[in-house]
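Enquirer: take a look and give me a structure for this.
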Amino acid sequence: MRALAPYASDPAASRGRLHAEAGGATRGPRDEFQRDRDRIIHSIPFRRLRHKTQVFVAPDGDHFRVRLTHSLEVAQIGRTLARALGLNEDLTEALCLAHDIGHPPFGHAGEDALKAAMAGAGGFDHNAHTLRLLTKLETPYPLHPGLNLTWETLEGLAKHNGPVATPGWALAEVDGELSLDLGSWPSLEAQVAAIADDIAYDNHDIDDGLRAGLFALDDLLEVPLVERCWRGVRERYPQIEEERLLSELVRDQIGVMVNDVLEETRRRVEASGARRVDDIRSAGQALAGFSSQMAAEERQLKRFLYERMYEAPRLMEVRREAQKVVAGLFEAYAQDPSLLPQEWRSGSDDPVSAARAICDFIAGMTDRYAVARYQALVGPVELPEGF
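Expert: A predicted model of the protein is given here:
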């Protein structure tokens, strides 16, 4: 068995689960974090990710990424980082696989529409909804709600982007049942999952953006990080046509970013003097991350992607139509709650409870199911072809 770093999360020292489980109920020789990962993979919300937007809404092209493929790619990068740093790979993988489970249909466009619709009922946040799904709404077990994940997995999902000073209602409810120490930093596994997410979508969105024709290679070479990596690729393969080298460019960029994170994280951990996982939580700063130079270059790449991809006129047109679908569905269910499936009705006269029940139902929808329900209840949907 591979030796772990002293500050890695230890499944044998887990703070446990909210609901006690009989020791003989384990199925197969798995530790606590392996069981968490498997529960996530076998969950219905995880399966729904295959029909949820990453960048493109219900894309026509089979080769564009969706939330499911993105989550798998994040997990691959996360495991690589965790193994090299001596961290717990299973906890890291569980966090990577589950990090987007709370996204509503149409990604951030759908989230913005739900935030507006829920303004009088506490708002909506996809990260908090991930915790709500995994602790309350998904109920595959006979004796308790939720997947009953370990404290470490829930903590990592709640705080993978850092301490949470003012949790919204959904996260506060979860924290009220099982305190997640929201004011501290999370484990290094959670921090690695967060940086793996950045590396994955930075580079794979380049691939999808080029494939969709939203920008050309010459445009992309305006970004210093990309230009530097492309130069290295061309030097290795001077006789190969450019089109065949685009995937090599993405691979090189991922490698450069991963190596930077490994070097910088090792430097920060050593400087912090961390010897236990609780030292990571009390360090007062993120210990996993890019070097200052790479962080600046990564911000430049993000700016390019926002300008040329995420806020491209064609995608903004899709975004507006997607928001119309989510807002229209919320209004239809609010006006006539009997349109909701019986199990999703709040059964309460409290308008906040009623709004949250509607939000829970819509947030679980896939893109195509949301479109189908809107067409059935409201009217036609005009999503531009291709995205």
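Enquirer: give the rounded mean pLDDT of stretch 155-172.
Expert: Across stretch 155-172, pLDDT averages out at 96.
Enquirer: now swap in stretch 135-149 and tell me
Expert: On average, stretch 135-149 scores 95.
Enquirer: quick check: buried residues in it?
Expert: Buried residues in stretch 135-149, counted by 16 or more other C-beta atoms under 10 Å: Thr135, Leu137, Glu138, Gly146, Leu147, Asn148, Leu149. C-betas here are computed from N, CA, C, even on glycine.
Enquirer: need the residues you listed in a markdown table (columns: secondary structure and distance to Pro351).
Expert: A markdown table is the format used below for the buried residues of stretch 135-149 (DSSP: H, G, I helix; E, B strand; the rest coil; distance: C-beta to C-beta, whole Å):
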| residue | secondary structure | distance to Pro351 |
| --- | --- | --- |
| Thr135 | helix | 24 |
| Leu137 | helix | 20 |
| Glu138 | coil | 25 |
| Gly146 | coil | 26 |
| Leu147 | coil | 30 |
| Asn148 | coil | 31 |
| Leu149 | coil | 31 |
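Enquirer: looking at these, which is nearest Ala128?
Expert: Of all the buried residues of stretch 135-149, Thr135 has the smallest distance to Ala128: 10.7 Å, by C-beta to C-beta.
Enquirer: where's the closest one relative to Arg275, distance?
Expert: 31 Å (C-beta to C-beta, to the nearest Å).
Enquirer: repeat that for Arg50.
Expert: For Arg50 relative to Arg275 (C-beta to C-beta), the value is 42 Å.
Enquirer: could you do Leu143 as well?
Expert: Leu143 is 38 Å from Arg275, by C-beta to C-beta.
Enquirer: in stretch 289-304, what's buried?
Expert: Gly289, Phe290, Met294, Glu297, Glu298, Leu301, Lys302, Phe304.
Enquirer: my error: substitute stretch 118-130 in the last question.
Expert: Going by neighbour count (16+ other C-beta under 10 Å), the buried part of stretch 118-130 is Met118, Ala121, Gly122, Gly123, Phe124, Asp125, His126, Asn127, Ala128, His129, Thr130.
Enquirer: which residue is the nearest non-sequential neighbour of the third one?
Expert: With sequence-adjacent residues excluded and distances taken as C-beta to C-beta, 6 or more residues apart in numbering, Gly122 is closest to Trp169, at 3.7 Å.
Enquirer: ok, now which ones touch the one you found?
Expert: Gly122, Gly123, Ala128 (C-beta atoms under 8 Å, 6 or more residues apart in numbering).
Enquirer: contacting residues for the last one?
Expert: Read it as Ala128. Applying C-beta under 8 Å, 6+ apart, we find Ala128 in contact with Gly102, Ala158, Pro167, Gly168, Trp169, Ala170, Leu171, Val174.
Enquirer: so which strand or helix has it?
Expert: helix 126-132 (DSSP states H and E).
Enquirer: hey, C-alpha coordinates of that helix in CSV?
Expert: Below are the C-alpha coordinates for helix 126-132, written out as CSV (Å, rounded to 0.1, in the frame of the first residue of the first chain):
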residue,chain,number,x,y,z
HIS,A,126,-25.3,25.4,-6.9
ASN,A,127,-22.5,24.5,-4.5
ALA,A,128,-24.9,24.6,-1.5
HIS,A,129,-27.4,22.7,-3.5
THR,A,130,-24.8,19.9,-4.0
LEU,A,131,-24.8,19.5,-0.2
ARG,A,132,-28.6,19.6,-0.1
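Enquirer: low-confidence regions, the chain specifically.
Expert: Along the chain, segments meeting pLDDT under 70 span 1, 23-26, 55-63, 384-387.
Enquirer: recalculate using a threshold of 50.
Expert: Along the chain, the model assigns pLDDT under 50 to residues 59.
Enquirer: most neighbours of all the contacts of Ala128, which one?
Expert: Within the contacts of Ala128, neighbour counts (other C-beta atoms under 10 Å) peak at Ala170, which reaches 26 neighbours.
Enquirer: in contact with that one, which residues?
Expert: Ala170 touches Gly122, Phe124, Asp125, Ala128, His129, Leu131, Arg132, counting by C-beta under 8 Å, 6+ apart.
Enquirer: try it again with 7 Å
Expert: Contact analysis of Ala170 by C-beta atoms under 7 Å, 6 or more residues apart in numbering lists Asp125, Ala128, His129, Leu131, Arg132.
Enquirer: dump those to a markdown table, plus distance to Glu242.
Expert: Shown next, in a markdown table, are the contacts of Ala170 (distance: C-beta to C-beta, whole Å):
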| residue | distance to Glu242 |
| --- | --- |
| Asp125 | 41 |
| Ala128 | 44 |
| His129 | 42 |
| Leu131 | 44 |
| Arg132 | 46 |
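Enquirer: from the residues you listed, which is closest to Leu315?
Expert: For the contacts of Ala170, the nearest to Leu315 is Asp125 (22.4 Å; C-beta to C-beta).
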